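Q: got a predicted model here, sequence first, then my questions.
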Amino acid sequence: MESRRYGPFAYTPINRRPKITWPDGNHLALWVIPNIETFPLNEPVPGGTGVVPDVINWAPRDYGARIGVFRIMDVLEKHGVRGTVALNSEVCDDHPEIIEDAIGLNWEFMGHNQSNSRYLHTMEDGPGRELVAATLDRIEAAVSIRPKGWLSSGLQQNWTTLEALIDGGVKYVADFINDDQPYIMDVDGRQICSIPYSGEINDLPQMRLGRTAEEFAEMIRRQFDTLYRESVETGSGRVMAICLHPFIIGVPHRIGALDDALSYISSHDGVWKATGCEIINHYLTGETF
């Protein structure tokens, strides 16, 4: 894709679209995305000191891999939610036990670069394409299913990332946090779907802003209430993404906030707890897989 003023999709306001319906008369699709990542100790940690080793910034992230992710697994299983993992492919080598347990929970895996220490927007075309292909290949080898979804590390792309994703068999991408519904992108005559991700209902940026666990749970409830009401009133379904990081929400004093928020959401009828592939397959075909 050449450099351009606007994205590879039409500007279509929410009040001028065909209605979206979800399976079984559900109003809202709930999509929960644990970001399972790896940060090599011998590389700079994004947002850290820039010095290697950056123990003070690396160690909390390692806590997420050692402990926090398993707390998330327990809470999601309790509420009948299958996670859609944004997976750094190097986790398959660094922490294979996490992959084993996620497979046991029937979670979905989407590509999320090789590690969270390297971003696509800093790469030229060739290296960027190689990174995408290598990420998808490694995850497929580990989980026996080629990822159909993608979230770039830091939600950053270069101008050829979408082309590389399409070449790799990816059907949906979560980098464009500009909507509450899926939509189709046209990349030089080829298609890929955008799925709603969130920079707001996302534990990492909120905790960096100093939000408490209780404030984050209240944000989730308020987001749900608005999207649920709009879905019912318009008859057109929305997607609600909850974006999680094990080293943030998975610590002892925050994990209860996730449990409380999911209890609230689960108390409502008409909520479809779905994976990314389920949402996009239904959006494109009207069928449930």
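A: The structure has been received and is ready for your questions.
Q: give me the most central residue, the protein.
A: Most central in the chain under CA atoms, centre = their mean is residue 33, positioned 4.3 Å from the mean C-alpha point.
Q: any idea whether residue 45 is helix, strand or coil?
A: Under DSSP: H, G, I helix; E, B strand; the rest coil, residue 45 falls in the coil class.
Q: in contact with it, which residues?
A: 39, 54, 57-58, 61, 117 (CB atoms under 8 Å, 6 or more residues apart in numbering). Bear in mind the C-beta positions are built from the backbone N, C-alpha and C, glycine included.
Q: which one is it nearest to, not counting chain neighbours?
A: Sequence neighbours aside, residue 57 is the residue nearest to residue 45 in space, at 4.2 Å (criterion: CB to CB, 6 or more residues apart in numbering).
Q: what packs against the helix or strand in which the one you found is found?
A: For residue 57, the element it lies in under DSSP states H and E is helix 55-63. Where contact means 3 or more CB pairs under 8 Å, 6 or more residues apart in numbering; DSSP states H and E, helix 55-63 is packed against helix 246-249.
Q: quick revisit: contacting residues around the helix or strand following the helix holding residue 57?
A: With elements assigned by DSSP H and E, the helix or strand that comes after helix 55-63 is helix 69-78. With contact meaning CB under 8 Å, 6+ apart, helix 69-78 is reached by 32, 34, 36, 82-83, 98, 101-102, 105, 244, 246, 249-250, 255, 258-259, 262.
Q: pLDDT (mean, whole number) over helix 69-78?
A: Averaging pLDDT along helix 69-78 gives 98.
Q: tell me where the stretch 51-200 of the chain has helices.
A: Per DSSP state H, counting those that start in this stretch, the stretch 51-200 of the chain carries helices over the ranges 55-63, 69-78, 91-94, 96-104, 125-143, 161-167.
Q: what's the burial count for residue 31?
A: A count of nearby residues for residue 31, using other CB atoms under 10 Å, gives 26.
Q: which element is it on?
A: Short version, using DSSP H and E: residue 31 is in strand 28-36.
Q: now the angle between helix 96-104 and that strand, please.
A: 160 degrees (axes from the mean of the first three to the mean of the last three CA atoms, to 10 degrees).
Q: and strand 28-36, which strands flank it?
A: Strand 28-36 has the following strand partners under DSSP bridges: strand 84-87 (parallel), strand 238-244 (parallel), strand 271-273 (parallel).
Q: same question for the helix holding residue 57, mean pLDDT?
A: 97.
Q: contact partners of that helix?
A: Here helix 55-63 has contacts from 37, 39, 41, 45, 47-49, 246-247, 250-251, using CB under 8 Å, 6+ apart.
Q: buried ones among those?
A: Buried subset of the contacts of helix 55-63 (neighbour count, 16 or more other CB atoms under 10 Å): 37, 39, 45, 48, 246-247, 250-251.
Q: of the residues you listed, which is the nearest to residue 154?
A: Checking the buried ones among the contacts of helix 55-63 against residue 154 with CB to CB, the nearest one is residue 37 at 10.8 Å.
Q: which one is that closest one nearest to, not counting chain neighbours?
A: residue 116 (4.3 Å).
Q: then residue 158?
A: residue 128 (4.9 Å).
Q: now residue 138
A: That would be residue 89: by CB to CB, 6+ apart, it lies 3.9 Å from residue 138.
Q: sorry, back to before: ok, and the most crowded of the contacts of residue 45?
A: Highest neighbour count within the contacts of residue 45, by other CB under 10 Å: residue 39, with 25 neighbours.
Q: so that residue touches residue 115, yeah?
A: Yes. Look at residue 39 against residue 115 with CB atoms under 8 Å: they come within range, at 6.6 Å.
Q: before we move on, back to that, of all the helices of the stretch 51-200 of the chain, which lies closest to residue 173?
A: helix 161-167 (6.0 Å).
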